[in-house]
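# Attaching a predicted model along with its sequence, questions to come.
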Amino acid sequence: MRKILVAFFLVAAMSKPALAQTTRVITYIDQVQEERKSTRWTLTEWLRIKERMKMMDLWLAMFSTTQQKFAPELSFSYAKGVGDSQFDLGTTVNFDNDKLRTHGPSKSEDARLQFWFTNLISGTTGLRTLDIDLGIEGRIHNRFMVDPTLLSDPGLGNWKPGTEKVQQAGLNLRIFGSNSQDSTLVGKIGKFDRSTGFTLAADQSGQYWGGELSLYFLSILGAEANYYQYMDGKSKVGDSVDYLGFLEIYNVRVGYGVSHQNWEWKNDTSRLKSLENNRMLMVRLYF
C-alpha cells in the first residue's frame, strides 16, 4: 500500500512541469491564431470597410464648410423625326364599333430648352448638400402631315388633319447627378397647351408630369429616355415617350432613337385618338 502511494505522488510531481508546458504551447497556438485571424483579408470585410468609408465620405461632404460655387447650366436640343401617324375617329357613346381609322406618313420636330440652378443652395449658404438641383424647362413639339390628301377618307368629312402643336413649360428637380452632363435622374412637372390640328377638335390644356433618365456607359457613350404624361384635370389625355442612344463629344450630344406620342380628345358626341411613331435624330448643346 505504501509503495502505491509513493508511486502516485512521484507521477503527480513529475506531471506538473509537463502540464505547464502543454498549457504554454496551447496558449501560444491560440495567440498566433487570433493574430492571424485579425489580419486576414476577406472579401466581405473589404466590402464592409468600403461601405463604411463611403458613408463617412458622404457625411463629410454634407457637413463640410467648403463652399461650392454656384454654377448655372443651360442646354438646348433640337430633334427631327420621320414616321407614321394614325387617327381613330368615332362617336363617344360607341367608339370601338363606330370608329373610322386612317393613317399616313408624317414628320415632326422637337425643341427643348433647359436651365439649371446648379449648386444654388450650397453656393449661397456654404453648406454642402446632396446632388439635388432645381431647374426650368420649355418644350415645343410639332407634327406635320407629309401629304394630308393621303388621309382624305370620305368618312372623315370635315375632320381633316393638319399640324399638331404641343407647348409646355415647367419645373425640373434633379435628384441624382452633379450636373447636366452626368448620369442623372430628373422629375418634371408643369403645364401644357395643345393644338390638335383638327378644325373641329378644340385645343387642350392642363398639367403634365414626367421624368428623364440619362446613363453613361462610357465617358462619351450613353442612353437617354424621357417620359411625359398629360392631364386635363383628373383625366389623362395623352403621353409622350422617347428613348435614344447618344454619342457626346465636348459639349455636343448627338442621339438617335424613337419617339411615341399618344393623344385623345372627345366632346359630347365625338371622340378622336391620335398615335405618332417616329424615328428621331437629336442634337444638343451644353453651356
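On my side now, so go ahead. Numbers count the residues shown, from 1 in each chain.
# in the stretch 101-250 of the chain, which spans are strands?
133-145, 164-176, 184-195, 204-216, 221-232, 235-249 (DSSP state E, counting those that start in this stretch).
# Among those, single out whichever gets nearest to residue 85.
Evaluated with C-beta to C-beta, these place strand 133-145 nearest to residue 85, the distance being 6.7 Å. In this view, the C-beta of every residue, glycine as well, is placed from N, C-alpha and C.
# Within the sheet, what are the partner strands of that closest one, with directions?
Note on strand 133-145: by DSSP bridges, its sheet partners are strand 100-116 (antiparallel), strand 164-176 (antiparallel).
# Export those to CSV and append columns for mean neighbour count and distance to residue 271.
Listed next are the strands paired with strand 133-145 as CSV, based on neighbours: other C-beta atoms under 10 Å; distance: least, C-beta to C-beta, whole Å:
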stretch, mean neighbour count, distance to residue 271
strand 100-116, 17, 11
strand 164-176, 18, 17
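# and those strands, which one's lowest on average pLDDT?
Among the strands paired with strand 133-145, strand 100-116 has the lowest mean pLDDT, at a mean of 89.
# where in the protein is pLDDT low?
1-22, 25, 28, 32-33, 35-42, 58-68, 121-131, 146-161 (pLDDT under 70).
# re the thing from before, could the strands paired with strand 133-145 go into CSV alongside distance to residue 139?
As requested, the strands paired with strand 133-145 are arranged in CSV below (distance: least, C-beta to C-beta, whole Å):
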stretch, distance to residue 139
strand 100-116, 5
strand 164-176, 5
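# Between the ones you listed, which one is closest to residue 94.
Checked against C-beta to C-beta, the stretch from the strands paired with strand 133-145 lying closest is strand 100-116, at 12.7 Å.
# C-alpha coordinates for that closest one, PDB please?
Only the C-alpha atoms of strand 100-116 are listed here, as PDB (Å, rounded to 0.1, in the frame of the first residue of the first chain):
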ATOM      1  CA  LEU A 100     -63.000  55.200 -88.600                       C
ATOM      2  CA  ARG A 101     -59.200  54.600 -88.800                       C
ATOM      3  CA  THR A 102     -56.900  56.400 -91.200                       C
ATOM      4  CA  HIS A 103     -53.100  56.800 -91.200                       C
ATOM      5  CA  GLY A 104     -50.300  58.200 -93.300                       C
ATOM      6  CA  PRO A 105     -46.600  59.400 -93.200                       C
ATOM      7  CA  SER A 106     -45.700  62.300 -91.000                       C
ATOM      8  CA  LYS A 107     -42.700  64.400 -89.800                       C
ATOM      9  CA  SER A 108     -42.100  66.000 -86.500                       C
ATOM     10  CA  GLU A 109     -39.700  68.500 -84.900                       C
ATOM     11  CA  ASP A 110     -39.000  68.800 -81.200                       C
ATOM     12  CA  ALA A 111     -37.100  71.700 -79.400                       C
ATOM     13  CA  ARG A 112     -36.300  71.800 -75.700                       C
ATOM     14  CA  LEU A 113     -34.600  74.400 -73.500                       C
ATOM     15  CA  GLN A 114     -33.300  73.600 -70.000                       C
ATOM     16  CA  PHE A 115     -31.800  75.900 -67.400                       C
ATOM     17  CA  TRP A 116     -30.400  74.600 -64.100                       C
END
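# got a list of contacts for stretch 76-87?
Outside of stretch 76-87, the residues within contact range by C-beta atoms under 8 Å, 6 or more residues apart in numbering are 101-114, 143, 145, 151, 161, 253, 259, 272-285.
# Buried by neighbour count: which residues of it qualify?
77, 79, 81, 83, 85, 87 (16 or more other C-beta atoms under 10 Å).
# Narrow those to those in strands?
Counting by DSSP state E, these place 77, 79, 81, 83, 85, 87 in strands.
# and residue 219, how many neighbours does it have?
With neighbours defined by other C-beta atoms under 10 Å, the count for residue 219 comes to 7.
# go on, residue 282?
Neighbours of residue 282 (other C-beta under 10 Å): 21.
# residue contacts, it?
77-79, 110, 244, 246, 253-257.
# Likewise for residue 88?
Contact partners of residue 88, counting by C-beta under 8 Å, 6+ apart, are 95, 99-101, 272-274.
# what's near enough to touch the residue nearest to it when sequence neighbours are not counted?
Spatial nearest neighbour of residue 88, excluding adjacent residues (C-beta to C-beta, 6 or more residues apart in numbering): residue 273 at 4.3 Å. Applying C-beta under 8 Å, 6+ apart, we find residue 273 in contact with 87-88, 262-265.
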